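Chemist: Sharing a model that was predicted from the sequence below.
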Protein chains: 2
Amino acid sequence: MHAGIELGGTKTVVAIGKADGTVTEEWRYPTTTPEETFGRATQWLKERGQPAGIGIAAFGPVGVVRGRETYGKILATPKAGWAGIPMVEHFQAAFPAASITIETDVNAAALGEARLGAARGLDDVAYITIGTGIGAGILSGGRLIHGALHPEFGHLKVLRHPDDKDFKGVCPFHADCLEGLASGPAIAARWGAPASELPLSHPAWEMEAWYLAHGVLSLLAIVSPARVIIGGGVSQAQGFHDRVNAILVATAAGYFPVLEEGGYVVPPALEQQAGICGALLLSAC
Amino acid sequence: MHAGIELGGTKTVVAIGKADGTVTEEWRYPTTTPEETFGRATQWLKERGQPAGIGIAAFGPVGVVRGRETYGKILATPKAGWAGIPMVEHFQAAFPAASITIETDVNAAALGEARLGAARGLDDVAYITIGTGIGAGILSGGRLIHGALHPEFGHLKVLRHPDDKDFKGVCPFHADCLEGLASGPAIAARWGAPASELPLSHPAWEMEAWYLAHGVLSLLAIVSPARVIIGGGVSQAQGFHDRVNAILVATAAGYFPVLEEGGYVVPPALEQQAGICGALLLSAC
């Protein structure tokens, strides 16, 4: 038996299944305190057996590089009571025989989509999520990228959209970062209404696609994925991925032939299951 | 005996030495036709023995992912007579017993600097070179990044420097890419004189450092290196790396604590030897 735990900022998913990412049974419940949240997962798993491996997909920032002092811990987070919590240590104590692997939620989702979803069979994949923030997980040459610090794709600087000169953005650090200009809160602040209330003909959508296309272009220049998946609430607007692709093709100006074929940017195929499938896949790493 | 070959656009270096990157003997000669250039390297090596491994650092674009149809070949290049040349095949035929590994020149330099130079002991390193073009090699988690296409760091889009609104750039594809705005030819086109003739007090240098700092910020957001090395002719201006660091600290606005310590961006320690040392290191991969 393999186990996966997806620790989100508001909900947690715990699942048992196979190391190939197949979920046999899962349980979703609200994320509360570390003690309660971990305790529920532990009890639920123990009732089902002893997992050989546990994969954890955690909200970030989280220490994911083995051997570092920060490994397995939730790092500085505004979420009350969670900073410094040693997550791997907790589950290792509860399941001493299990091998445990921890990853960021976006990396787990990238892995899930690369093995079982919208980028099946590809070894170079990026998964971007747009919601309250903007994050990305990257699989490069079949391995998840960690970096020395904590890659914060959302704070990537992007060119300003020509019609977006005056908006200050919502990032407290940067005037011109992707998260500050294109996250859900940025859309709401700029247009005075949340993305879900803006009709598809609203100029917000073309601008949003423009910013994401520029984020994708930076990924192309630096890690060169074979496919990019964009998920998260904001991306669910009808035709959003088509808009991003159209802007990508126009902006890349023929330089990246792969874009000309169309369909470079796609929605997730696993939808809300990408993270937990990724966690199960990690349980065998 | 291990061998390294660094194939540059204008010069080639062939060396023998150890798998730890130590060069015992080397020969530099102009890159001419593929037949002549390869023939010279082959003959020089055969006079010295049979290498167990050969590492090749080649100008790009070049196929570096094993198993792909493009592996070991120089791809589309404006360099006459070189497109499609099967480089690995040539050397494998000449040295059938040798294991051969090929990489881009910038990746080899990144590896050389990470193992023996300015980023010694680090597993997350980027090496940027500024000359006729701008390129980057990236080591992430101890492995060189290849990507599905060919990462072209030079074509990364960057924000315009506030005093650089009217310059069209020199990239035939993009108005706002790093190479088009900050390569040697871009500097010469913007200011009417090559970088080597511009005094250190000239505004060109602050602008150049500004563009490079923005390129480094994108690397931080996407692959998060522990250190970034900037080499190549343009970077040799006195105090250039200090200028880049100062702009980085100011622009990151406290978001990346590692930058506050200073010295995040450094010059290469191996100078012109980074590529051939990297090639020797690759000979044992």
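Modeler: The structure has been received and is ready for your questions. Residues are numbered from 1 along each chain as shown, chains lettered A, B, ... in the order given.
Chemist: Show me where chain A has its helices.
Modeler: In chain A, the segments counted as helices under DSSP state H are A:34-46, A:87-94, A:105-116, A:178-182, A:184-191, A:203-222, A:240-252, A:257-260, A:274-282.
Chemist: What residues does the residue nearest the centre of chain A make contact with?
Modeler: A centroid search over chain A (Cα atoms, centre = their mean) returns residue A:106, at 2.4 Å, as the residue closest to the centre. Residue A:106 sits next to A:60, A:127-129, A:135-137 when contact means Cβ atoms under 8 Å, 6 or more residues apart in numbering or on different chains. Just so you know, the C-beta spots here come from the backbone N, C-alpha and C atoms, and that holds for glycine as well.
Chemist: hmm, back to that, mean pLDDT lowest for which of the helices of chain A?
Modeler: Ranked by mean pLDDT, these bottom out at helix A:257-260, with a mean of 78.
Chemist: what about it and chain B, touching?
Modeler: Yes. Helix A:257-260 comes into contact with chain B (Cβ under 8 Å from any Cβ of the partner chain), by way of residue A:258.
Chemist: Up against chain B, what does the stretch 151-285 of chain A have?
Modeler: Contacts of the stretch 151-285 of chain A with chain B, taken as Cβ under 8 Å from any Cβ, map to A:151-160, A:173-174, A:176, A:214, A:217-227, A:251-256, A:258.
Chemist: Identify the residues contacting residue A:179.
Modeler: Applying Cβ under 8 Å, 6+ apart to residue A:179 gives the contacts A:133-134, A:154-155, A:170-171, A:186.
Chemist: Let me know the closest of these to chain B.
Modeler: Here the nearest of the contacts of residue A:179 to chain B, counting by Cβ to the nearest Cβ, is residue A:155; it sits at 5.4 Å.
Chemist: Tell me how far the closest one lies from residue B:254.
Modeler: 11 Å (Cβ to Cβ, to the nearest Å).
Chemist: shared neighbours of those two, which are they?
Modeler: residue A:173.
Chemist: Compare neighbour counts for these two and give me the winner.
Modeler: residue A:155 (23 against 11; other Cβ atoms under 10 Å in any protein chain shown).
Chemist: Now the more buried one: closest residue in space that isn't a chain neighbour?
Modeler: Once flanking residues are discounted, residue A:155 sits nearest to residue A:177: 4.6 Å by Cβ to Cβ, 6 or more residues apart in numbering or on different chains.
Chemist: which residues touch that neighbour?
Modeler: A:154-158, A:169, A:171 are the contacts of residue A:177 under Cβ under 8 Å, 6+ apart.
Chemist: now do 6 Å
Modeler: The contact partners of residue A:177, by Cβ atoms under 6 Å, 6 or more residues apart in numbering or on different chains, come to A:155, A:157, A:171.
Chemist: Could you do residue A:270 as well?
Modeler: Counted by Cβ under 6 Å, 6+ apart, residue A:270 has contacts A:112, A:117, A:277.
Chemist: now the residues you listed as CSV including distance to residue A:164 and neighbour count?
Modeler: Formatted as CSV, these follow (distance: Cβ to Cβ, whole Å; neighbours: other Cβ atoms under 10 Å in any protein chain shown):
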residue, distance to residue A:164, neighbour count
A:112, 33, 32
A:117, 32, 26
A:277, 36, 28
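Chemist: of the residues of the stretch 151-285 of chain A next to chain B, buried ones?
Modeler: Among those, the ones that count as buried by 16 or more other Cβ atoms under 10 Å in any protein chain shown are A:151-160, A:173-174, A:176, A:214, A:217-227, A:251-252, A:255-256, A:258.
Chemist: about what we covered before: which one of the helices of chain A lies closest to residue B:36?
Modeler: Closest to residue B:36 of the helices of chain A, according to Cβ to Cβ: helix A:257-260, at 31.3 Å.
Chemist: packing partners for that closest one?
Modeler: helix A:240-252 (3 or more Cβ pairs under 6 Å, 6 or more residues apart in numbering or on different chains; DSSP states H and E).
Chemist: Quick check: buried residues in the helix it packs on?
Modeler: For helix A:240-252, by 16+ other Cβ under 10 Å, it's A:240-241, A:243-249, A:251-252.
Chemist: JSON lines for those residues, including distance to residue A:197?
Modeler: Below are those laid out as JSON lines (distance: Cβ to Cβ, whole Å):
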{"residue": "A:240", "distance to residue A:197": "15"}
{"residue": "A:241", "distance to residue A:197": "21"}
{"residue": "A:243", "distance to residue A:197": "18"}
{"residue": "A:244", "distance to residue A:197": "21"}
{"residue": "A:245", "distance to residue A:197": "25"}
{"residue": "A:246", "distance to residue A:197": "24"}
{"residue": "A:247", "distance to residue A:197": "23"}
{"residue": "A:248", "distance to residue A:197": "27"}
{"residue": "A:249", "distance to residue A:197": "29"}
{"residue": "A:251", "distance to residue A:197": "28"}
{"residue": "A:252", "distance to residue A:197": "32"}
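Chemist: tell me the two of those that are most distant?
Modeler: Between any two of those (Cβ to Cβ), the greatest distance is 18.5 Å, for A:240 and A:252.
Chemist: circling back to that earlier point, comparing the helices of chain A, which comes out most buried?
Modeler: helix A:274-282 (a mean of 31; mean count of other Cβ atoms under 10 Å in any protein chain shown).
Chemist: Contacts for that one, please.
Modeler: Counting by Cβ under 6 Å, 6+ apart, A:2, A:4-6, A:13, A:15, A:17, A:21, A:55, A:57, A:101, A:103, A:105, A:108-109, A:111-113, A:115-116, A:268, A:270 sit against helix A:274-282.
Chemist: swap the cut-off to 8 Å and go again
Modeler: Counting contacts by Cβ under 8 Å, 6+ apart, the residues touching helix A:274-282 from outside are A:2-6, A:8, A:13, A:15, A:17-23, A:26, A:55-57, A:101-103, A:105, A:107-113, A:115-117, A:127, A:231, A:268, A:270.
Chemist: now swap in stretch A:233-245 and tell me
Modeler: Contacts for stretch A:233-245 (Cβ under 8 Å, 6+ apart): A:129-131, A:182-184, A:187, A:195-196, A:200, A:205-206, A:208-209, A:212-213, A:216, A:230, A:259, A:262-267.
Chemist: For the residue nearest to residue A:119 when sequence neighbours are not counted, list each beta-bridge partner.
Modeler: Nearest residue to residue A:119, sequence neighbours excluded (Cβ to Cβ, 6+ apart): residue A:125, at 4.2 Å. Beta bridges link residue A:125 to residue A:139, residue A:227 when assigned by DSSP bridges.
Chemist: so residue A:125 touches residue A:229, yeah?
Modeler: Yes. Between residue A:125 and residue A:229 there is a contact at 7.0 Å, judged by Cβ atoms under 8 Å.
Chemist: Need the residues touching each of these two.
Modeler: By Cβ under 8 Å, 6+ apart, the residues touching both residue A:125 and residue A:229 are A:110, A:113, A:119.
Chemist: Between these, which sits nearest residue B:165?
Modeler: Distances from residue B:165 to the shared contacts of residue A:125 and residue A:229, taken by Cβ to Cβ, are shortest for residue A:110, at 37.5 Å.
Chemist: Now do the closest one against residue A:178, distance only.
Modeler: From residue A:110 to residue A:178 the distance is 17 Å (Cβ to Cβ).
Chemist: if I look at whichever residue of the stretch 151-285 of chain A sits closest to chain B, how far off is residue A:109?
Modeler: For the stretch 151-285 of chain A, the residue closest to chain B is residue A:224, as judged by Cβ to the nearest Cβ, at 2.6 Å. Going from residue A:224 to residue A:109 by Cβ to Cβ gives 20 Å.
Chemist: before we move on, what about residue A:59?
Modeler: Residue A:59 is 12 Å from residue A:109, by Cβ to Cβ.
Chemist: which stretches of the stretch 51-200 of chain A form strands?
Modeler: Remark: strands assigned in the stretch 51-200 of chain A by DSSP state E, counting those that start in this stretch are A:53-58, A:99-104, A:125-130, A:134-140, A:143-144.
Chemist: Format those as JSON lines; extra columns: mean neighbour count and mean pLDDT.
Modeler: Shown next, in JSON lines, are the strands of the stretch 51-200 of chain A (neighbours: other Cβ atoms under 10 Å in any protein chain shown; pLDDT from 0 to 100):
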{"stretch": "strand A:53-58", "mean neighbour count": "27", "mean pLDDT": "98"}
{"stretch": "strand A:99-104", "mean neighbour count": "23", "mean pLDDT": "96"}
{"stretch": "strand A:125-130", "mean neighbour count": "29", "mean pLDDT": "97"}
{"stretch": "strand A:134-140", "mean neighbour count": "28", "mean pLDDT": "97"}
{"stretch": "strand A:143-144", "mean neighbour count": "20", "mean pLDDT": "96"}
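Chemist: Cool, thanks, signing off.
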